[in-house]
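1. Sequence and predicted model, in that order:
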Amino acid sequence: MNATSGILLEFYEQLLAYFGKQYWWPGDSPYEIAIGAVLTQNTNWNNVEKAINNLKKRNLIDAQKMTNIDSNELAELIKPSGYFNLKANRLKMMTKWWQKNADRALKQHVNLDLMRNSLLSVKGIGEETADSILLYAFEYPTFVVDAYTKRFLIRHHLINEKASYHDMKLLFETHLACDVYFYREFHALIVALGKTSCKKTSPRCDHCCLNWHLR
DNA sequence: CCCCAGGCGTCCA
DNA sequence: TGGACGCATGGG
């Protein structure tokens, strides 16, 4: 275990002590998690919840029913989540993929890299959305990187401003034990921190850093 | 009024 | 390969 591993583990422990277990992802089923992953793209989770509740009222957390509903009608239901026309199409495409691949993915009968590339081939599913679905819906050990994660890493000087998604993902995966539940909790805790802290990446402030002394 | 949220695809250099 | 831009609602 090198210095970076130790720093990351210490952050994890402090986040866990401060925020407690997050029990992510909020969602009752793998398919609902995948829907949430699409709807939350650049969108506040409060708005996503409204959209998901609209879908639940119509029993649309169901791949076959999602396939059958008219796109414009679907867009109207998910309106609170923003980008509703875009996301209605993305839900349709994700669902088409789901019907063909979800069974194998849930049983992890396909290698992680292959499954990840398969998800990434769906228009509207990028790296973060793919990793969220893989980690939280299918329990593949892949680390999820988002805007909060980037801010967290920059704030603590663990990576530079122009680091790519891949750079950040690998930082975690090469320095931490490969464990689905650990990855899930760590990402959720970073989001919990991000939601309660300011957006500045520099200079560090006590509130954002919770008075931690790590540098 | 302002700014932004758990991104992504397209376009263009 | 990478930066600018459009997509859009709801909360602070």
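-> Arrived safely.
2. going forward, measure contacts between C-alpha atoms and count neighbours the same way
-> Noted.
3. in stretch A:132-147, what's buried?
-> For stretch A:132-147, the buried set under the neighbour-count rule, 16 or more other C-alpha atoms under 10 Å, comprises A:132-146.
4. Contact residues of chain A facing DNA strand C?
-> Contacts of chain A with DNA strand C, taken as C-alpha under 7 Å from any atom of the strand, map to A:42-44, A:46-47, A:79-87, A:162, A:164.
5. I'd like to know which of the buried residues of stretch A:132-147 is nearest to A:Ser5.
-> If you rank the buried residues of stretch A:132-147 by distance to A:Ser5 using C-alpha to C-alpha, A:Phe143 comes first, at 14.8 Å.
6. need the contact list for that closest one.
-> A:Phe143 sits next to A:Asp131, A:Leu135, A:Lys169, A:Phe172, A:Glu173, A:Tyr183, A:Arg184, A:His187 when contact means C-alpha atoms under 8 Å, 6 or more residues apart in numbering.
7. Kindly list the longest helix within chain A.
-> helix A:84-106 (DSSP state H).
8. packing partners for the helix or strand following that one?
-> On the C-terminal side of helix A:84-106, the closest following helix or strand by DSSP states H and E is helix A:112-120. Counting by 3 or more C-alpha pairs under 8 Å, 6 or more residues apart in numbering; DSSP states H and E, the packing neighbours recorded for helix A:112-120 are helix A:127-132.
9. got the buried residues for the helix it packs on?
-> For helix A:127-132, the neighbour count (16+ other C-alpha under 10 Å) marks A:Glu127, A:Glu128, A:Thr129, A:Ala130, A:Asp131, A:Ser132 as buried.
10. Over to stretch A:18-34?
-> Neighbour-count burial for stretch A:18-34, counted by 16+ other C-alpha under 10 Å, picks out A:Gln22, A:Trp25, A:Gly27, A:Pro30, A:Tyr31, A:Glu32, A:Ile33, A:Ala34.
11. do the same with stretch A:55-69
-> Residues of stretch A:55-69 classed as buried under the neighbour-count rule (16+ other C-alpha under 10 Å) are A:Leu55, A:Leu60, A:Ile61, A:Ala63, A:Met66, A:Thr67.
12. Just the closest of those to DNA strand C, please.
-> A:Leu55 (14.0 Å; C-alpha to the nearest atom of the strand).
13. contact partners of the helix or strand the closest one falls within?
-> Remark: A:Leu55 resides in helix A:45-57, with elements defined by DSSP H and E. Helix A:45-57 is contacted from outside by A:Gly36, A:Leu39, A:Thr40, A:Ile61, A:Leu77, A:Ile78, A:Lys79, A:Pro80, A:Ser81, A:Gly82, using C-alpha under 8 Å, 6+ apart.
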